[in-house]
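>>> got a predicted model here, sequence first, then my questions.
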Amino acid sequence: MKHNLILRVISKFLIPLIFLFALYVQFHGDFGPGGGFQAGVIFSTGIILYALVFGVKTAKQIIPPFVLRSLASFGVLLYAGTGVASLLLGGKYLEYGVLASTQVAGQHLGILLIELGVGISVMSVMLIIFFAFAERGQTEEGS
Amino acid sequence: MMLDNLVDITLLTMLMVHAFAIIYLRNLFAVIMLFGSFSFLSAGLFVVMDALDVAFTEAAVGAGISTVLMLGTLALTYRHTEDKQEKQPAHKPWLPLVVVCITGAMLIYGTSDIPDFGDPQAPAQQYVAPYYLEKSIPETGVPNVVTAVLASYRGFDTLGEVTVIFTAGIAVMLLIGGRRRSKNNNTTGSDHET
Amino acid sequence: MMDWILGHYNYWLVIIIMMAGFYTVISQGNLIKKIAGLNIFQVSVFMLYISVSNVKGGAAPIIESDVSLYSNPLPHVLILTAIVVGVATTSLGLALVVRIKEAYGTIEEDDIHNQDQSL
């Protein structure tokens, strides 16, 4: 459609930059402002922009809903699983010091893993909620 | 010092104007746009108060996700009317005004004993915060103290928070996950997509 | 006296915004406006907490080698969690508004009450 041309061109240019920025915020949360929540929301914003410009059906082909549900559960599982891993390695629940050879290295690894879990979970949940709102307006065909 | 206070007062006054405009306006589209702008301005206020992570999250979540969801709700609920207006108010607002004024007066009286804004010797800055600021790098090796406290010292709370957001996603999926049944059935249930 | 006003004006302005949000929740009839008012109330409570944590002349709580005075990081952590819980509550509230519209045909509070009482 002609009047969508500017939106399509600009969003094709911007969406990879949004994903890159989300990954930057995720992995530099230790050294500057940022962390899992912000990165998850920014990543889902990229996909929401794609769905707004190109249609919800096309966006659902990129990320099918069952993948979103699995990713949301996987995020929470990764977080809780890090705690269980430290239990199995001899420490208390969510004590990251036992995950690697030294205390500080273990803390780094533990924080990285749980921020990853938080980011994945928040991204999937924001997309689940958005797709639920976007698809509700259409009625089912047939019964 | 005065410039800091001036920026504070300007941002807070603009936020107040936004809040009063949201009360007064009846066009719902304008209300939602003002709400997004309010979120963004409050993120600016958080930056002025040195709360960078909070400003980041408030801008992304308030001006991003909340505004998009409200626009989606407006599209779903006002599909058949041309103008998205709310109704003329039916009763006079005297009782809510009185309640709000009494509550506000009690709150202002209650904050008269709080230590001054920005006081370094306030009791809130004395006991626990210096411990985290000193011990964060030796014990965790992470320069961002907010991430260290959130992920390592208070990791349980963050686990609960992720569970809350996961539960909200499941609940929204249960409430409005599928498509509506077509109008001649006149039911309100829906099937879930497989 | 001037020092006391300069030290406390921040809290008063935040309380005024809080009361504006509170008024929207209890007196406006439209459900979407109520949820917007609830969010305004929440954000003003966050501003109150962050005002308590601010330290004049301090920097953001990211440890650098040449900075000695930092703002208090603990309320930041609390408000971060509260913001995310707030967005969960808002999205659930909006989903309920959509279902109410499908069940009653309107999202004005008075019409819903009348429909309930006429059953």
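Cool, the structure landed.
>>> let's check: the centremost residue of chain C is which one?
C:Gln42 (1.4 Å; CA atoms, centre = their mean).
>>> sticking with it, tell me its helix or strand.
helix C:31-53 (DSSP states H and E).
>>> who are the packing partners of that helix?
helix B:2-24, helix B:28-48, helix B:52-60, helix B:67-77, helix C:2-27, helix C:74-104 (3 or more CB pairs under 8 Å, 6 or more residues apart in numbering or on different chains; DSSP states H and E). From N, CA and C alone the C-beta is placed, and that goes for glycine too.
>>> repeat that with 10 Å
Secondary-structure packing of helix C:31-53 (3 or more CB pairs under 10 Å, 6 or more residues apart in numbering or on different chains; DSSP states H and E): helix B:2-24, helix B:28-48, helix B:52-60, helix B:67-77, helix C:2-27, helix C:74-104, helix C:109-117.
>>> the third one to helix C:74-104, inter-axis angle?
Taking axes from the mean of the first three to the mean of the last three CA atoms, to 10 degrees, one finds helix B:52-60 and helix C:74-104 inclined to each other by 20 degrees.
>>> one more: the first one?
Orientation note: helix B:2-24 sits at an angle of 10 degrees relative to helix C:74-104 (the same axes, to 10 degrees).
>>> what residues sit buried inside helix B:2-24?
B:Asp8, B:Leu11, B:Leu12, B:Leu15, B:Met16, B:His18, B:Ala19, B:Ile22, B:Ile23 (16 or more other CB atoms under 10 Å in any protein chain shown).
>>> please save the CA atoms from that helix in CSV.
This file holds the C-alpha atoms of helix B:2-24, laid out as CSV (Å, rounded to 0.1, in the frame of the first residue of the first chain):
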residue,chain,number,x,y,z
MET,B,2,19.0,26.6,42.4
LEU,B,3,19.1,25.2,38.9
ASP,B,4,18.5,21.7,40.2
ASN,B,5,15.5,22.9,42.1
LEU,B,6,14.2,24.8,39.1
VAL,B,7,14.3,21.8,36.9
ASP,B,8,12.6,19.8,39.5
ILE,B,9,9.8,22.3,40.0
THR,B,10,9.3,22.7,36.2
LEU,B,11,9.0,18.9,35.6
LEU,B,12,6.6,18.5,38.6
THR,B,13,4.4,21.4,37.4
MET,B,14,4.2,19.9,33.9
LEU,B,15,3.2,16.6,35.5
MET,B,16,0.5,18.3,37.5
VAL,B,17,-0.9,19.9,34.4
HIS,B,18,-1.0,16.5,32.7
ALA,B,19,-2.8,15.0,35.6
PHE,B,20,-5.5,17.7,35.7
ALA,B,21,-5.9,17.5,32.0
ILE,B,22,-6.5,13.8,32.2
ILE,B,23,-9.3,14.4,34.7
TYR,B,24,-10.9,17.2,32.7
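>>> what is it packed up against?
By 3+ CB pairs under 10 Å, 6+ apart, helix B:2-24 packs against helix B:28-48, helix C:2-27, helix C:31-53.
>>> mean confidence score for the shortest one?
Going back to what we said before, that points to helix B:28-48. Mean per-residue pLDDT for helix B:28-48: 93.
>>> and it, how far out from the chain middle?
Here the centre of helix B:28-48 is set off from its chain's centre by 10 Å, with CA atoms, centre = their mean, to the nearest Å.
>>> export that helix as CSV, just CAs?
Extracted C-alpha coordinates of helix B:28-48, given in CSV (Å, rounded to 0.1, in the frame of the first residue of the first chain):
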residue,chain,number,x,y,z
LEU,B,28,-10.4,9.0,25.5
PHE,B,29,-7.8,9.1,22.7
ALA,B,30,-6.4,12.3,24.1
VAL,B,31,-6.5,10.9,27.6
ILE,B,32,-4.3,7.9,26.5
MET,B,33,-1.9,10.1,24.7
LEU,B,34,-1.5,12.4,27.7
PHE,B,35,-0.9,9.3,29.8
GLY,B,36,2.0,8.3,27.6
SER,B,37,3.4,11.8,27.8
PHE,B,38,3.0,11.7,31.6
SER,B,39,5.0,8.5,31.8
PHE,B,40,7.7,9.9,29.7
LEU,B,41,8.0,13.1,31.7
SER,B,42,8.1,11.1,34.9
ALA,B,43,11.0,9.1,33.4
GLY,B,44,12.8,12.5,32.9
LEU,B,45,12.1,13.4,36.5
PHE,B,46,13.7,10.1,37.6
VAL,B,47,16.8,10.9,35.6
VAL,B,48,17.1,14.3,37.4
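>>> chain A: helices as residue ranges?
Under the criterion DSSP state H, helices of chain A are mapped to A:5-27, A:36-54, A:56-62, A:65-88, A:103-135.
>>> sorry, back to before: just name the most buried of the helices and strands packed on helix C:31-53.
helix B:52-60 (a mean of 26; mean count of other CB atoms under 10 Å in any protein chain shown).
>>> taking helix A:5-27 as reference, get the angle to that one.
150 degrees.
>>> if you average pLDDT over each of the helices and strands packed on helix B:2-24, which is lowest?
helix C:2-27 (a mean of 89).
>>> from C:Ile35, how far out is the residue in chain A positioned nearest to chain C?
At 5.0 Å from chain C, A:Ile129 is the closest residue in chain A, using CB to the nearest CB. As judged by CB to CB, to the nearest Å, A:Ile129 and C:Ile35 stand 14 Å apart.
>>> ok, C:Val84 to B:Asp4 distance?
C:Val84 is 29 Å from B:Asp4, by CB to CB.
>>> likewise for A:Gln107?
A:Gln107 is 35 Å from B:Asp4, by CB to CB.
>>> what's the answer for A:Leu87, then?
Taking CB to CB, one finds A:Leu87 at 48 Å from B:Asp4.
>>> for C:Leu119, same thing?
Applying CB to CB to C:Leu119 and B:Asp4 gives a distance of 58 Å.
>>> wait, A:Phe43 sits on A:Met123?
Yes. Using CB atoms under 10 Å, A:Phe43 makes contact with A:Met123 at a distance of 4.7 Å.
>>> before we move on, back to that, now tabulate the helices and strands packed on helix C:31-53 in CSV and tack on distance to A:Ala80.
Formatted as CSV, the helices and strands packed on helix C:31-53 follow (distance: least, CB to CB, whole Å):
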stretch, distance to A:Ala80
helix B:2-24, 39
helix B:28-48, 30
helix B:52-60, 22
helix B:67-77, 28
helix C:2-27, 35
helix C:74-104, 17
helix C:109-117, 41
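>>> residues in contact with C:Lys33?
By CB atoms under 10 Å, 6 or more residues apart in numbering or on different chains, C:Lys33 lies in contact with B:22-23, B:25-26, B:28, B:31-32, B:35, B:86, C:24-25, C:27, C:107.
>>> hang on, the earlier thing: now do the contacts for the residue of chain A closest to chain C.
For A:Ile129, the contact set (CB under 10 Å, 6+ apart) comprises A:44, B:65, B:68-69, B:72, B:165, B:168-169, B:171-173, B:176, C:87-88, C:91-92, C:94-95.
>>> what's near enough to touch B:Val142?
Per CB under 10 Å, 6+ apart, neighbours of B:Val142: A:29-31, A:104, A:107-108, A:111, B:136, B:148-149, B:151-152, C:62-63.
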